[in-house]
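*Asks:* Would you be able to build a 3D model of this:
(one chain, ligands or ions: 1)
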Amino acid sequence: MYLIPSEFQSLQPPEQIPVWEWIEKHRVLNRRSSSEIGPKRVSRTPALKILYDWFEDSKIRKVVVQKPAQIGLTDLVVDLILWIAVNDPSPTALFLADQDTARKIMKFRIDPAFREMGLIKHSSANKSQEATKFEITLRNGFYLMVSWGSSISQTGSMAFKRIFCDEVNKPGYDATKTEGGSLDRIDERMETFSDSKFFVFSTPTIDTGRVTKELEICDTIYDFKVPCHFCGEKQPLSFRQVIWDGGGKATREQIEKTCGYKCVKCGKKWSEEQRKNAVSEGVPEPREKKENLANVGYQLHRLASLFKGGNLSTMIYKWIHAQGDQLKLQNVINSTFGEPYIPRISAKPDEAILQVKRCKSEIGLGILPPDYLALVVSVDVQQVGFWYRLRAFMPDLTSFGIEEDFLSTWEEIEEIVFRHENGLPKIWRMMIDTGGGKEEGAKISRTTETYQWIIDNRCRGVRIFACKGASHQLPSNIKVGTPLEKFPSGKPIPGGLQIVQINTDSFKDELWSRIDKTIKDKTLPRSWFVHGETPEYVFDQICAEEKRRNKDGSAEWVQIRPDNHMLDLECLCLAAADFELFGGIRPLQVQRAQEKRKISRPAPSQEVKPRQENPILRRY
Ligand SMILES: [Zn+2]
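*Replies:* Numbering: from 1, shown residues only. Down below sits the predicted model:
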């Protein structure tokens, strides 16, 4: 418990002035707690000023800010905490990414700020503890707890009026294993206060990161828009509009001489000074105008900063130096620009699942559609068992997911694959993924085991293909290699074994194009369905990867959930029927067409037509 010094009393009673004005009147920055020195000037951070207004707007309950690093937001939080301590003493919490950050913020930012304002004094008793101290208690009822994401569960049932969460995209916030996200858990702590306030900040990571998701569910999102020096057009700042000569090979001198910002409307180039002037005149504007906002989002860009980090040339250097290094590039996009990395091409995860669900057919589990042409099974060998997918193809390449499951033994797999031995419809092709790693403690790797199983079972009436995903770009979608003559151990394979390389990325593209097509029109060829009783995990696994576009324009599939087995199996099924794999279902199509013609051909007696006279014979 800290004593309230006499200076504190002089600040009472609360002044009826805006929060930002109160800060400018009372807060002096010094070298201990800030990079800037002298009276705090909110006008130095024009893009942040609205956050002070939202802080005191009683209608607003939650504020989410997606931001670049180092634009003065930590100092803003310190401002607000100081204001609370004096003007509305109440329980307050600040959550940071991790314990180390919490200790540093407490030691170098909050503690000095409280001392400078005379709210707490040094005493030898707490000096020794201050580095590990994460609380400030004042006698007027103010209480501050500085904590970190992973310790949320340890904060028990403490109630807070205002909570600030910084860097919510950091993994610390994932540590809470309890139901609901850690942010929901934090949110619950404010239920006792009707006038509570929740601030959530973070530099983004990827576009499925927590802060980006939080931003999307806000009532509206604000952008900081600045007026063009030439035409007056108000626009949010973006690195896309930053221009300079020399591209990726520009020299420092070249950048400094030629850099500028190109107006989105008139195309004229602003100088660095003109950008700064524009930022000083900028105003936050909502993307959608709405009444009675309770949750507001705010997207900030480093270019909206007047600090050195927001300079055009600084940003260009960072951008150029990150080229060719994915991690560096992500860091620049996240921390410098304040934007999430790699915008998605495919749908958002939750939407994707809904899309796949719209491909449910009315056919129940295990039921074959009438007139199906070929039955295909794909198997993914895991350390402890097998995932499999059974799919039926129609002559027009429309296909139906028939059944799927996880099995533990080869015997169970054989029951599925060689079902014709039990009088069930025969499977045409089997695709088995042989890419599995070594089983712990097992004498042979699962790859060897799988090869052996294929060799032992290749004469039982089902065409078995040993498959593996191509780790490099193939010229075609499927490549049938020359037969392997040896097991991975070196032991010879009798008769050899052909490995089929599958370009999994292009089959993922193909799968999604079929899903898209099916949603639009279920009657067209190449439609793709799952059975009517498909369990949830199938949808989750099919959507376990999403396609993203890199900043350089290339695209890649990125795994977003741990289990993607069903996605791989669906790709293998499509590969089984693909024309590139020994003609795919084409020979079956031809055969079916011939059979149909035979059936539809009229009986010979009806075929008899009056014989035409031979024009040559007629002459005689
Ligand atoms: Zn303009």
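*Asks:* Dump stretch 308-323 to PDB, keeping only the CA atoms.
*Replies:* Output in PDB follows, covering the C-alpha atoms of stretch 308-323 (Å, rounded to 0.1, in the frame of the first residue of the first chain):
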ATOM      1  CA  LYS A 308      10.700   9.000 -37.000                       C
ATOM      2  CA  GLY A 309       9.400   5.500 -37.500                       C
ATOM      3  CA  GLY A 310       6.600   6.800 -39.600                       C
ATOM      4  CA  ASN A 311       9.000   8.500 -42.100                       C
ATOM      5  CA  LEU A 312       8.700   7.500 -45.700                       C
ATOM      6  CA  SER A 313      12.400   6.700 -46.100                       C
ATOM      7  CA  THR A 314      12.500   4.600 -42.800                       C
ATOM      8  CA  MET A 315       9.600   2.500 -44.100                       C
ATOM      9  CA  ILE A 316      11.100   2.100 -47.500                       C
ATOM     10  CA  TYR A 317      14.500   0.900 -46.100                       C
ATOM     11  CA  LYS A 318      12.700  -1.700 -43.900                       C
ATOM     12  CA  TRP A 319      10.600  -2.900 -46.800                       C
ATOM     13  CA  ILE A 320      13.600  -3.300 -49.100                       C
ATOM     14  CA  HIS A 321      15.700  -5.100 -46.500                       C
ATOM     15  CA  ALA A 322      12.900  -7.600 -45.800                       C
ATOM     16  CA  GLN A 323      12.600  -8.700 -49.400                       C
END
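*Asks:* Go through that stretch and flag the buried ones.
*Replies:* Neighbour counts over stretch 308-323 (16 or more other C-beta atoms under 10 Å) mark 309-320, 322 as buried. For every residue, glycine as well, the C-beta is placed using N, CA and C.
*Asks:* Looking at those, which are in helices?
*Replies:* Of the buried residues of stretch 308-323, the ones assigned to helices by DSSP state H are Leu312, Ser313, Thr314, Met315, Ile316, Tyr317, Lys318, Trp319, Ile320, Ala322.
*Asks:* right, and out of those, which lies closest to the ion?
*Replies:* Leu312 (16.3 Å; C-beta to the ion).
*Asks:* Is it correct that that closest one is in contact with Arg275?
*Replies:* Yes. Leu312 is within contact range of Arg275, at 6.6 Å (criterion: C-beta atoms under 8 Å).
*Asks:* Between those two, which contacts overlap?
*Replies:* Residues touching both Leu312 and Arg275 comprise Tyr261, Leu303, with contact defined as C-beta atoms under 8 Å, 6 or more residues apart in numbering.
*Asks:* pLDDT check: weakest of the buried residues of stretch 308-323?
*Replies:* By pLDDT, Ala322 ranks lowest within the buried residues of stretch 308-323, coming in at 77.
*Asks:* give me the element the nearest residue to that residue once chain neighbours are set aside is part of.
*Replies:* Spatial nearest neighbour of Ala322, chain neighbours left out: Lys328 (3.9 Å); criterion: C-beta to C-beta, 6 or more residues apart in numbering. Secondary structure from DSSP states H and E places Lys328 in helix 326-331.
*Asks:* what comes up buried for the following helix or strand past that helix?
*Replies:* Counting by DSSP H and E, the element after helix 326-331 in chain order, helix or strand, is helix 349-357. By neighbour count on 16+ other C-beta under 10 Å, the buried set for helix 349-357 is Pro349, Ala352, Ile353, Gln355, Val356.
*Asks:* coming back round to it: so which of the ones in helices among the buried residues of stretch 308-323 would count as near the ion as well?
*Replies:* Taking C-beta under 5 Å from the ion, there is no overlap between these and the neighbourhood of the ion.
*Asks:* Between all of the residues you listed, which two are separated the most?
*Replies:* The most widely separated members of these are Leu312 and Ala322, with 16.0 Å between them, by C-beta to C-beta.
*Asks:* what's the span of stretch 143-162, first residue to last?
*Replies:* 11 Å (C-alpha to C-alpha, to the nearest Å).
*Asks:* Can you give me the buried ones in it?
*Replies:* Those would be 143-152, 160-162, for stretch 143-162 by 16+ other C-beta under 10 Å.
*Asks:* roughly how far is that stretch from the heart of the chain?
*Replies:* 28 Å (C-alpha atoms, centre = their mean, to the nearest Å).
*Asks:* what's the average pLDDT for that stretch?
*Replies:* Stretch 143-162 comes out at a mean pLDDT of 81.
*Asks:* which residues does the closest residue to Lys67 other than its chain neighbours contact?
*Replies:* Leaving aside its chain neighbours, Lys67 sits nearest to Leu300 (4.3 Å; criterion: C-beta to C-beta, 6+ apart). Residues touching Leu300, when contacts are defined by C-beta under 8 Å, 6+ apart, comprise Ala47, Val65, Gln66, Lys67, Pro68, Ile71, Phe224, Gly338.
*Asks:* Tell me which helix or strand comes right after the worst-scoring helix or strand of the chain on mean pLDDT.
*Replies:* In the chain, the helix or strand scored least confidently by mean pLDDT, DSSP states H and E is helix 124-127, which has a mean of 46. Using DSSP H and E, the next helix or strand after helix 124-127 towards the C-terminus is strand 135-137.
*Asks:* Contacts for that next one, please.
*Replies:* Met1, Tyr2, Ala85, Ile110, Asp111, Phe114, Ile120, Phe142, Tyr143, Leu144, Met145, Val146.
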